[in-house]
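Visitor: for reference, the sequence and a predicted model appear below.
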Amino acid sequence: MIGFHEAMNQPARPTTEVSDVLLDSMDRMYRQLIERLQGLSKDEYLWEPAEGMWSVRPHEGRWRVDGAGIREIDPAPVTTIAWRLWHIAIDCFDDYTRRFAGDHSDASSDWTDDPDEALAILDDRWRAYRATIAGRDWWDQLGQNWGPWSQHCVADMAMHASNELVHHAAEIALLRDLYAHKR
């Protein structure tokens, strides 16, 4: 039988440090996503199994995401793996990293039609975000660059980022399963 620490793929060490617990958890979530994306093809990355999906599309010589900056839409559109990877990498990790640096501009709507390039960008943005939050006091308020979240603490934001990572990773996994079994 596999023990808890082996199953969780984390060191067997007692800790009372919230940063260790949160960062270890986020590392596992991120690794699960990366492992799930192995062998991602371009067709699968851009696959649109439903009408009206948001994706990335050519626009004036660049690739742009549909609906960038739109926050409240009901019902929310179904999105491609390409769109979801942009959302995690740029609209979440990159945006949060920039906000900590004092930049509260909108996330870029530029993206790529190449899944390998998307994964490289995702990894780069993940590493920058992780390094940024690892060096913070988890109980500090976020501050003015965070708008309505300004009174929340870094741990709140890290948990929100974890939620974004987990639920979009699950949606990507489902799209991969559906693609693998499409008729």
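Guide: In hand now; what should we look at? These numbers come from a predicted model, not from an experiment.

Visitor: what segments of this structure are helices?
Guide: Ranges of helices in the chain, per DSSP state H, are 4-8, 18-36, 42-45, 81-86, 95-100, 115-134, 154-180.

Visitor: for the fourth one, the distance to its chain's centre please.
Guide: What that stands for is helix 81-86. Chain-centre distance of helix 81-86: 9 Å, with C-alpha atoms, centre = their mean, to the nearest Å.

Visitor: who's in contact with it?
Guide: 40, 44-47, 53-56, 65-66, 111-113, 115, 118-119, 122, 168, 171-172, 175-176 (C-beta atoms under 8 Å, 6 or more residues apart in numbering). Just so you know, the C-beta spots here come from the backbone N, C-alpha and C atoms, and that holds for glycine as well.

Visitor: one more time with 7 Å, if that's ok
Guide: Helix 81-86 is contacted by residues 44-46, 54-56, 65-66, 111, 118, 122, 168, 171-172, 175 when judged by C-beta atoms under 7 Å, 6 or more residues apart in numbering.

Visitor: for residue 149, give its distance to residue 80.
Guide: 28 Å (C-beta to C-beta, to the nearest Å).

Visitor: neighbour count winner among the two?
Guide: A count of neighbours by other C-beta atoms under 10 Å puts residue 80 above the other of residue 149 and residue 80, at 23 against 15.
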